[in-house]
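Undergrad: Sequence plus predicted model, see below.
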Amino acid sequence: MRTVLSVGSALLVLLAGNKAMANEQAKLAAKGKALFVVCQACHTTTDRASIKIGPSLQGIVGRDAGSLTTFSYSTALSEAAFSWDEASLDKWLQSPATLVPGNIMSFAGLSDEGQRKAIIAYLKTL
């Protein structure tokens, strides 16, 4: 009986922890969405085929860099051999020119790590 109670108690603790983590991620993503307003001048988040100055960022997490067929990327980004994950997005947001030299994105970068994390949390929701 004690084992059942211990396992049950452990599961409740895990579930409560998961819910708290999910709430924190939701708050972080909401902050990222607010910060993303600046990015919306060039990027859309709703339709992968929708193009502004830059490509749609819908579904960017897990997508190969330079892979949307509806957008004409720089040679540097077209030839980049990586997928967009949290680490690559963080490096890109910090300094696109450092991650992919020769890309044509006219964004100098975002030095604030917390803001980058928030934007990435938002991008993961798309």
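TA: Looks like it came in fine.

Undergrad: Okay, the residue nearest to Phe107 when sequence neighbours are not counted and Ala22: tell me how far apart.
TA: Leaving aside its sequence neighbours, Phe107 sits nearest to Pro96 (Cβ to Cβ, 6 or more residues apart in numbering; 5.8 Å). Yep, even glycine has a C-beta here, placed from its N, CA and C like the rest. From Pro96 over to Ala22 the distance is 30 Å, taken as Cβ to Cβ, to the nearest Å.

Undergrad: So between those two, which is more surrounded?
TA: Taking other Cβ atoms under 10 Å, Pro96 and Ala22 do not tie; Pro96 has more neighbours (20 against 10).

Undergrad: Could you double-check that that one lies in contact with Ser106?
TA: No. The criterion here is Cβ atoms under 8 Å, and Pro96 misses it with Ser106 at 9.0 Å.

Undergrad: where along the chain do the helices fall?
TA: Secondary structure of the chain (DSSP state H): helices at 2-35, 75-78, 86-94, 96-99, 113-123.

Undergrad: any chance of these in JSON lines, plus mean pLDDT and distance to Lys52?
TA: As requested, the helices of the chain are exported to JSON lines (pLDDT from 0 to 100; distance: least, Cβ to Cβ, whole Å):
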{"stretch": "helix 2-35", "mean pLDDT": "72", "distance to Lys52": "17"}
{"stretch": "helix 75-78", "mean pLDDT": "96", "distance to Lys52": "16"}
{"stretch": "helix 86-94", "mean pLDDT": "98", "distance to Lys52": "17"}
{"stretch": "helix 96-99", "mean pLDDT": "97", "distance to Lys52": "16"}
{"stretch": "helix 113-123", "mean pLDDT": "98", "distance to Lys52": "16"}
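
Undergrad: ok, and which of the ones you listed has the densest surroundings?
TA: The highest mean neighbour count among the helices of the chain, using mean count of other Cβ atoms under 10 Å, belongs to helix 113-123: a mean of 19.

Undergrad: Now do that one and helix 86-94, the angle between them.
TA: If you take axes from the mean of the first three to the mean of the last three Cα atoms, to 10 degrees, helix 113-123 sits at 120 degrees to helix 86-94.
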